[in-house]
Structures are given as structure tokens and as C-alpha cells.
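K.L.:
from the sequence below, what's the structure:
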Amino acid sequence: MERYQKIEKNGAVGEGTYGVVYKGLDLWTKTYVALKRIKLETEDEGIPCTTLREIAVLRQLRHPNIVELTDVVQQSWRLYLVFEFVDQDLKKEMDKHSSPLPYDTIRSYTFQMLEGIKFCHNR
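P.N.:
Numbering: from 1, shown residues only. Below you'll find the predicted structure:
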């Protein structure tokens, strides 16, 4: 983890079932990254199969509508997945609007999601 520095130490960018995501800085490229710290339940079980599957799939995918996995780093009993940093996600974007999104915006978002899914299925 000497290549990456957590920027937001007090608060996570996001939290899910399998890990916590922090904003970080790639000290080599001076670009922001997302650091997903995977929760390793016990020392005996190793890396969860869901995480191994996520790594295997994302390493093969390079598409503008799919977040890019750039690195995987293990530090003692922690595993970090390093992603390109995206400052906004769809939920945050939708939460900013009190009224329904314009039709053209919905259409654009749907098209982008379907393009990403189509790319995954073609692989």
C-alpha cells in the first residue's frame, strides 16, 4: 500500500456488503483512485470467493461504461481493490433531483448501463 494514500480517512466514500470504499491518491501517477477494502472475515477462510470472482471478471473488462480495476494490493490481513476514481454515482446523481429526471437524461443513463451490460455479456 506504499503506492496509495487514503485521502478521506475519517469517512468512507461508500460502504457495501463486502467492503468499504475510500478515496485515495496514487502516489506514482498523482491521480485519485477508489480503494475498496475487502472485509476478510477470518484468517482461516482466506479471500472470499465473491471477491475472487469480482477480481477475475473486472481484470478482463475495459469499457467506458464499466469502472476500471487498476490494481489489487494485499496488506497483512487486508485486501484492497484499486479502481479508477469516479466522483459521482447514479444514486447520488438521482438524489440531487427533487423532481423526476428529464426523459433524455433517463434515456442516456439507460443506454450507458445497457452498453456496459452488453459488453460484459459479450465477454
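K.L.:
can you show me the helices along the protein?
P.N.:
49-60, 90-95, 103-122 (DSSP state H).
K.L.:
so can I have a markdown table of these showing mean neighbour count, mean pLDDT and distance to residue 68?
P.N.:
C-beta coordinates here come from the backbone N, C-alpha and C atoms, glycine included. Converted to a markdown table, the helices of the chain look like this (neighbours: other Cβ atoms under 10 Å; pLDDT from 0 to 100; distance: least, Cβ to Cβ, whole Å):
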| stretch | mean neighbour count | mean pLDDT | distance to residue 68 |
| --- | --- | --- | --- |
| helix 49-60 | 13 | 89 | 8 |
| helix 90-95 | 10 | 83 | 17 |
| helix 103-122 | 12 | 94 | 12 |
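K.L.:
how many neighbours does residue 48 have?
P.N.:
16 (other Cβ atoms under 10 Å).
K.L.:
one step back: closest to residue 74 out of the helices of the chain?
P.N.:
helix 49-60 (11.2 Å; Cβ to Cβ).
K.L.:
what residues does that closest one touch?
P.N.:
18, 38, 66, 67, 68, 69, 72, 79, 81, 120, 123 (Cβ atoms under 8 Å, 6 or more residues apart in numbering).
K.L.:
buried ones among those residues?
P.N.:
38, 66, 69, 72, 79, 81 (16 or more other Cβ atoms under 10 Å).
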